[in-house]
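Colleague: Make a model of this:
(one chain, ligands or ions: 2)
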Amino acid sequence: MSKQAIIAPSVLAADFANLQRDIEMINTSQADWFHIDIMDGVFVPNISFGMPVLEAINKHAKKTIDVHLMIVDPDRYIKTFKALGSDILTVHYEACTHLHRTLQAIKAEGMKAGVALNPHTNVSLLEDVINDIDLVCLMSVNPGFGGQSFIENTYKKIRQLKEIITRNGASTLIEIDGGVTDKNAKQLTEAGADVLVAGSFVFRAEDPIATIADLKKITTL
Ligand code: DX5
Ligand code: ZN
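Modeller: Numbers count the residues shown, from 1 in each chain. Ligands and ions are numbered 1, 2, ... in the order given. Model (predicted):
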């Protein structure tokens, strides 16, 4: 069975002074999703952008909007992110005391529910909720900043997570976020990744459209 990774450029690395241009570039490209990083300066040591910017992005974006919340107490904003156009809403395991309840609340709004794990968080912690999760986002850098280098231990986590998904008969997608380039994209897909987020590798490229096409090609197995 042939497989091709879903490519999700991270808008965090776009040129915010030319946001419409960059969104339209992604629309035109072979990218599948928009990855949107929301940081609150508390859960992570950085603040990205908030609701008005997502509203502006949503006006132009013609593909799936994949929102990655790096915020404490994300339950407060589930309805807000639905109203702003999120198709997938991902919360951090480390930020949710009642993860099962949060996942149900996201799905009740008609969104796909994702859970992100920091590099130090073991995938086995998701064993009891895996059938309730549409997407697991494995952080392959410490969340907070774009442009960091990929943590090699991620491959092992992908394989362990894949085993949990298969054993439970779940259909959860595995997303890799941080430090993705043309050097690791194929190996990540072979290990079991379904979605690759790429920020600086795409937006700092001389030709982002060709770079996205290349990522699609090298992740076709
Ligand atoms: C990091 C964010 C990532 C980031 C990826 O906290 O969650 O989505 O934008 O950027 P790159 O691809 O540059 O590592
Ligand atoms: Zn992200």
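
Colleague: Pass me the low-pLDDT residue ranges in the protein, would you?
Modeller: Scanning the chain with the threshold set as pLDDT under 70 gives 1.

Colleague: near ligand 1, which residues of it?
Modeller: Residues of the chain that fall close to ligand 1, judged by Cβ under 6 Å from any ligand atom: 10, 12-13, 35, 37, 68, 141, 143-148, 177-180, 197-201. For the C-beta atoms, the positions are set from N, CA and C on the backbone; glycine is no exception.

Colleague: Could you count how many residues lie near Phe49?
Modeller: Using other Cβ atoms under 10 Å, Phe49 is surrounded by 17 other residues.

Colleague: who touches it in this structure?
Modeller: Remark: with contacts taken as Cβ atoms under 8 Å, 6 or more residues apart in numbering, Phe49 is in contact with 16, 38.

Colleague: Just to be sure, it is in a helix?
Modeller: No - looking at Phe49 with DSSP: H, G, I helix; E, B strand; the rest coil, it is coil, so not inside a helix.

Colleague: Any idea which residue of the protein lies closest to ligand 1?
Modeller: Nearest residue of the chain to ligand 1 (Cβ to the nearest ligand atom) works out as Gly199 at 2.9 Å.

Colleague: Am I right that that residue is in contact with Phe145?
Modeller: No - using Cβ atoms under 8 Å, Gly199 is not in contact with Phe145; the gap is 9.6 Å.

Colleague: Who has more neighbours out of those two?
Modeller: Using other Cβ under 10 Å as the criterion, Gly199 and Phe145 rank with Gly199 on top: 24 against 17.

Colleague: Which ones among the residues of the chain next to ligand 1 map onto helices?
Modeller: The helices, defined by DSSP state H, take in 200-201 from those.

Colleague: ok, longest helix in this structure?
Modeller: The chain, longest helix under DSSP H: helix 154-167.

Colleague: Quick check: buried residues in stretch 9-23?
Modeller: For stretch 9-23, a neighbour-count test (16 or more other Cβ atoms under 10 Å) marks 9-14, 19, 22-23 as buried.

Colleague: coming back round to it: not counting its own residues, what contacts the longest helix of the chain?
Modeller: Applying Cβ under 8 Å, 6+ apart, the contact partners of helix 154-167 are 117, 119, 123-124, 126-127, 130, 136, 138, 140, 170-172, 174, 176, 187-188, 191-193.

Colleague: How about the residues of the chain by ligand 2?
Modeller: The chain has residues 37, 68, 177 near ligand 2, with proximity defined as Cβ under 5 Å from the ion.
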